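J.: Just a sequence and a predicted model for now, questions to come.
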Amino acid sequence: MRSRAIYSARLLQIMSSSSHPRVDVGNPGDPLRLLFLTPFPPSLEGAHGGSRVIAQLLARLAGRHRVGVLSLKRDSEPSVDPSLRSVLEFVVEVTRDDPPRSLRRRSFRSVRSRLRLLAGTPLWASELDTHEFRDRLHELRADWRPQIVQFEYPVMGIYLDAIHAEDCGTVLAVHDPSTNAAIDLGRSSDGDRILRRLDVRAWRRFESDVLTRVDAAVAFTPRDVEALSSLAPTAEVVRIPFGTDFFERADSPSAIGDDESILFVGNFVHPPNVDAADRLVRAIFPRVRERVPTAKLTLVGDNPPAKLRARAGAGATVTGRLPDIGPHIERAAVVVAPLRFGGGMRVKVLEALAAGKPVVASRLAVEGLDVADGDQLLIAETDEAVADAIVRALNDRELREQLGKRAWSWARENLSWDASVDAYDELYRRLLAGHRLPQSHEPADRVGRRRHRAVLGDKSGR
């Protein structure tokens, strides 16, 4: 597997040599000015999937358009990586404070956020709302005059009032419907249940309002399109699945891996990942160890909870954040994703398939992907079934090799960013031309057999 430096250089080479023409609604060949607003710095080497997905999209779009980024950033977060910066028009990072250490400041911030929550502003939106970001957005809108402003995550809709709709098109990228995510957090959290219920109510109103006010929203899976369309029936919601550049790291499937190594990857700020990891160490991995006593489980991801570390028994290791997950994926015999709730597409699953690794996952974890049990991966739902699938893969090197080769070939054919970027181009052109898609309220009840492609105006997901 290639190093990150080689991978980044190869990615930039691909972008600069793109065969796609630059797009403009007026003069052919002229690039558009695209401004992206992000709640954290995007990075090709980011610690979590959202950061990497945004960065890869930005890098691809920068091969066709003039792309700028205005991002919030905690003091403790890494900045946008140099490889990505080198292809963007500009990057402006607005630093927001890490959580205050003093009880007095924490209490003041908490009271202010809760008062805004009662008025309908979700807690995360209050946390991200800063005067400095608004000032910089006003400056960029006046001086650079973006033609499209894209809000990454509904929470960035807190800044919609700083955009004049007549000046530009507005697009919202919904990585995971926020109302549903708030409901999931309330179910899985041990915190204040009344506070969580108020937050869900606020998100329902806030997300619906943002969806209605933007020109178009982008979701990644048919189920998310349906959820957003139900929340805001008059909003235009289109589906554009994302791709992955992970297979650019290798010209062939990864090595077959350590016969005993199991890998889970996920940012533990995301409740579905916490649930899946807890389930692994508490109920699934012990069953695996009963049959494969030398099996090893590694859980990689930022912000692992103390309870997870405490429950990780013999053979299980919780690493926390790592600068590069590539070596762990390469060493793994099996990558697991036993997710039970959550929305969006799972970056960790796409990256494992693209690396040519055997994957054991729930159906929810592969939502939006045209893959089949026993072909590119193994699908299992219950604790017993997941453990059985892991043991089966650990004990059968030939099965792992076959799954890995088919997964790698499928990823190269289906997970390219090209179709997704083409669809964003089409969406931007159409919005600037002043045309909206005809409204449709058909339920997204299934995913048709297809190549991985972006879909505009098809709410059924076919």
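T.: Yep, it's here. Residues are numbered from 1 along each chain as shown.

J.: drop to CA atoms for contacts and neighbour counts, all remaining ones
T.: Fine.

J.: does V274 belong to a helix or a strand, and which?
T.: Using DSSP states H and E, V274 sits in helix 271-279.

J.: other SSEs contacting that helix?
T.: helix 178-188, helix 306-311 (3 or more CA pairs under 8 Å, 6 or more residues apart in numbering; DSSP states H and E).

J.: Export the ones you listed to a markdown table and append columns for distance to A361 and mean neighbour count.
T.: Shown next, in a markdown table, are the helices and strands packed on helix 271-279 (distance: least, CA to CA, whole Å; neighbours: other CA atoms under 10 Å):
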| stretch | distance to A361 | mean neighbour count |
| --- | --- | --- |
| helix 178-188 | 19 | 19 |
| helix 306-311 | 20 | 13 |
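
J.: ranking those helices by mean pLDDT, which is last?
T.: The weakest mean pLDDT among the helices and strands packed on helix 271-279 belongs to helix 178-188, with a mean of 80.

J.: Show me what counts as buried in the helix or strand just after it.
T.: For helix 178-188, the succeeding helix or strand toward the C-terminus, using DSSP H and E, is helix 193-213. If you call a residue buried by 16 or more other CA atoms under 10 Å, then helix 193-213 has these buried ones: 196-213.

J.: Can I get the helix holding V274 as CSV, trimmed to CA atoms?
T.: Taking Å, rounded to 0.1, in the frame of the first residue of the first chain, the C-alpha atoms of helix 271-279 are listed here in CSV:
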residue,chain,number,x,y,z
PRO,A,271,-23.3,7.5,18.5
PRO,A,272,-23.8,4.6,15.9
ASN,A,273,-20.0,3.9,16.0
VAL,A,274,-20.0,3.9,19.8
ASP,A,275,-22.9,1.4,19.8
ALA,A,276,-21.2,-0.8,17.2
ALA,A,277,-17.9,-0.8,19.0
ASP,A,278,-19.5,-1.5,22.4
ARG,A,279,-21.4,-4.4,20.8
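
J.: What would the helix or strand that it is followed by look like as CSV? C-alpha coordinates only.
T.: Later in the chain than helix 271-279, the nearest helix or strand by DSSP H and E is helix 285-291. Taking Å, rounded to 0.1, in the frame of the first residue of the first chain, the C-alpha atoms of helix 285-291 are listed here in CSV:
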residue,chain,number,x,y,z
PHE,A,285,-15.7,-10.6,20.0
PRO,A,286,-16.0,-12.9,23.1
ARG,A,287,-17.9,-15.3,20.9
VAL,A,288,-15.1,-15.1,18.3
ARG,A,289,-12.4,-15.7,20.9
GLU,A,290,-14.2,-18.9,22.1
ARG,A,291,-13.6,-20.4,18.7
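
J.: Now do helix 285-291: which elements does it pack against?
T.: helix 383-394.

J.: Against which helices or strands is the helix it packs on packed?
T.: helix 285-291, strand 334-337, strand 359-361, strand 378-379, helix 397-414.

J.: mind running it again at 10 Å?
T.: On a contact count with 3 or more CA pairs under 10 Å, 6 or more residues apart in numbering; DSSP states H and E, helix 383-394 meets strand 261-265, helix 285-291, strand 334-337, strand 359-361, strand 378-379, helix 397-414.

J.: show me the contacts for the spatially most central residue of the chain.
T.: The chain has G50 as the residue nearest its centroid, 3.4 Å off, counting by CA atoms, centre = their mean. By CA atoms under 10 Å, 6 or more residues apart in numbering, the contact set of G50 is 40-43, 56, 152-153, 175-176, 267, 346-347.

J.: Next one, pLDDT for the residue nearest to G368 when sequence neighbours are not counted please.
T.: The shortest distance from G368 to any non-neighbouring residue, by CA to CA, 6 or more residues apart in numbering, is to T221 (5.1 Å). T221 is assigned a pLDDT of 90 by the prediction.

J.: again with E127
T.: 91.

J.: now it: how far from R116?
T.: 10 Å (CA to CA, to the nearest Å).

J.: same thing with V155?
T.: V155 sits 14 Å away from R116, taking CA to CA as the criterion.

J.: the more surrounded of these two?
T.: Neighbour tally, V155 and R116, criterion other CA atoms under 10 Å: the higher count belongs to V155, 26 against 16.

J.: quick one, what contacts that one?
T.: Here V155 is in contact with 38-39, 121-129, 172, 174, 178, 203, 206-207, 210 (CA under 10 Å, 6+ apart).

J.: Is it correct that it falls within a helix?
T.: Yes. The assignment for V155 by DSSP: H, G, I helix; E, B strand; the rest coil puts it in a helix.

J.: For R430, the count of nearby residues, please.
T.: By other CA under 10 Å, neighbour count at R430 equals 15.

J.: Which element, helix or strand, includes it?
T.: With DSSP H and E as criterion, R430 is part of helix 418-432.

J.: Alpha carbons of stretch 47-63, as CSV, please.
T.: This file holds the C-alpha atoms of stretch 47-63, laid out as CSV (Å, rounded to 0.1, in the frame of the first residue of the first chain):
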residue,chain,number,x,y,z
ALA,A,47,-9.4,11.5,11.3
HIS,A,48,-13.0,10.9,10.4
GLY,A,49,-14.9,10.0,7.3
GLY,A,50,-16.8,13.3,6.9
SER,A,51,-13.5,15.2,6.7
ARG,A,52,-12.1,12.9,4.1
VAL,A,53,-15.3,12.8,1.9
ILE,A,54,-15.5,16.6,1.8
ALA,A,55,-11.8,16.9,1.1
GLN,A,56,-12.0,14.4,-1.8
LEU,A,57,-15.0,16.2,-3.3
LEU,A,58,-13.2,19.6,-3.0
ALA,A,59,-10.1,18.2,-4.6
ARG,A,60,-12.1,16.8,-7.6
LEU,A,61,-14.2,19.9,-8.0
ALA,A,62,-11.0,22.0,-8.0
GLY,A,63,-9.9,20.3,-11.2
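
J.: Since that was my last question, I'll sign off now.
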